[in-house]
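# test case, fold it:
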Amino acid sequence: MTVKILTDSACDLSEKHYNEFDIEMVPLTVHLDEKDYKDGEINPKTVYDAMRKGSSTKTSQVSPQTFKAIFTSYAEKNQPLVYVGFSSELSGTYQTAKMMEQEVKEEYPDAPIHLVDTKSASLGFGLVVLHAAKMAKEGFTAEEVATAAADHAEHMEHIFTVDDLEYLKRGGRVSKTQAFVGGLLNIKPILHVENGKLVPLEKIRGSKKLFPRMLELMKERGKNWENQTIGISHGDDLERAEQLASMIKEKFGVQEVVIEMVGSVIGAHAGPGTIALFFQNE
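Numbering: from 1, shown residues only. From the prediction side, this is the model:
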């Protein structure tokens with residue numbers, strides 16, 4: 001039987017990708033203005049516009065019942081399933097999936113269910129999902145797909161910047177003082193993901209130096225550009241995302257760049273104006 005890929009909405013892939021590769025997706029939840037929305041039910045632009053007007057946003061993970069129902073349905077059919085999940089350091093979703101996998105395997109000990117903690121987020125996570133989905137489509141086994149996805153995730157670089165530190169402050173990612181001083185001095189942070197966690201990398205004064213510095217970091221950290229897909233995700237700023245993509249193609253001879261909007265769940269923490277770059281470091 002063909003291996004089925006399951007993922008969650010923090011991968012920021014589009015409907016087109018889910019359909020093309022027959023990927024099943026479970027949504028996280030966004031809380032906005034006293035209402036709950038499944039990620040995907042609400043347009044990310046709606047979330048960004050609300051944030052610009054001062055609305056507060058929160059997010060919550062996928063429910064245990066959702067995972068248990070899905071895992072049980074695949075276990076009953078004995079169909080191979082690989083869940084490629086959002087970083088366990090940024091959400092409890094992966095741990096919930098792990099608990100439900102163990103519960104289901106008590107009843108179906110031989111169920112061919114495999115879980116991968118990508119330690120990645122947004123389209124960096126999405127590129128890992130696509131890598132796994134392509135392998136599944138080519139007929140690889142669930143074990144081979146899971147192993148390759150874990151390896152791909154391990155070598156995924158995240159280099160990103162946010163337009164306003166205020167949003168990261170609200171989510172507890174930076175302190176009040178850092179956010180205040182950053183806004184005052186027009187300091188733009190460059191962050192990355194290390195062992196699944198958000199880590200500040202450096203601070204840039206003003207926006208003009210941002211993209212050239214991101215390209216320098218890309219050159220320092222990556223290689224084999226012609227043979228990999230580069231990901232760029234943006235917080236409702238397609239123009240700048242496309243500008244960065246053209247700079248990357250010109251500098252590195254990259255053939256394929258996937259651009260997606262940062263979805264509602266990741267966007268609720270990073271805020272409008274976020275620009276994130278993803279590539280392999282080997």
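# and the residue nearest the centre of this protein?
S122 (1.8 Å; C-alpha atoms, centre = their mean).
# ok, which stretches of the chain are strands?
Taking DSSP state E as the criterion, the chain contains strands spanning 4-8, 24-26, 29-32, 35-38, 57-60, 81-85, 113-117, 156-161, 187-194, 197-205, 229-234, 256-261, 275-280.
# return the most buried member of these.
The highest mean neighbour count among the strands of the chain belongs to strand 81-85 (a mean of 29), with neighbours defined as mean count of other C-beta atoms under 10 Å. Any C-beta I mention is one placed from the backbone N, CA and C, and that applies to glycine too.
# my guess is I70 contacts K4. True?
No. Between I70 and K4 there is no contact under C-beta atoms under 8 Å: 9.6 Å.
# identify the contacts common to the two.
Residues touching both I70 and K4 (C-beta atoms under 8 Å, 6 or more residues apart in numbering): E24, L81.
# re the thing from before, so the residue nearest to the centre of the chain versus L90, what's the distance?
Applying C-beta to C-beta, to the nearest Å, one obtains 10 Å for the distance of S122 from L90.
# what do those two both touch?
Among the neighbours of S122, those also in contact with L90 (C-beta under 8 Å, 6+ apart) are A10.
# please name whichever of the strands of the chain is nearest to E138.
Checking these against E138 by C-beta to C-beta gives strand 4-8 as the closest, at 12.3 Å.
# okay, angle between the closest one and strand 81-85 too, please.
20 degrees (axes from the mean of the first three to the mean of the last three C-alpha atoms, to 10 degrees).
# give me the contacts around strand 4-8.
Contact partners of strand 4-8, identified using C-beta under 8 Å, 6+ apart, comprise 13, 21-28, 62, 70, 74, 79-86, 93, 125, 129, 132-133, 136, 145.
# buried members of those into PyMOL, please.
Selection of the buried residues among the contacts of strand 4-8 in PyMOL, burial being defined by 16 or more other C-beta atoms under 10 Å:
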select buried, resi 13+21+23+25+26+27+28+62+70+74+79+80+81+82+83+84+85+86+93+125+129+132+133+136+145
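# taking the contacts of strand 4-8 one by one, which sit in helices?
With helices defined by DSSP state H, the entries of these inside them are I70, Y74, T93, F125, V129, A132, A133, A136, V145.
# ok, now which ones touch the nearest residue to H158 once chain neighbours are set aside?
Setting aside the residues directly before and after it, H158 is nearest to V193 in space (C-beta to C-beta, 6 or more residues apart in numbering), at 4.0 Å. Shown here is V193, whose contacts under the criterion C-beta under 8 Å, 6+ apart are S87, K119, S120, A121, G124, H158, V199.
# filter these down to the buried ones.
S87, K119, S120, A121, G124, H158.
# and those residues as CSV, adding distance to G273?
Formatted as CSV, the entries for the buried ones among the contacts of V193 read as follows, by distance: C-beta to C-beta, whole Å:
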residue, distance to G273
S87, 22
K119, 25
S120, 21
A121, 17
G124, 18
H158, 17
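# format these as TSV; extra columns: pLDDT and distance to I230.
Converted to TSV, these look like this (pLDDT from 0 to 100; distance: C-beta to C-beta, whole Å):
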residue	pLDDT	distance to I230
S87	96	20
K119	97	19
S120	96	14
A121	95	16
G124	97	11
H158	97	12
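# per-residue pLDDT, the residue nearest to H234 when sequence neighbours are not counted?
Taking C-beta to C-beta, 6+ apart as the measure, H234 lies nearest to A241, with 3.9 Å between them; neighbours along the chain are not counted. As predicted, A241 sits at a pLDDT of 97.
# for A241, give its distance to I259.
The spacing between A241 and I259, counted by C-beta to C-beta, is 5 Å.
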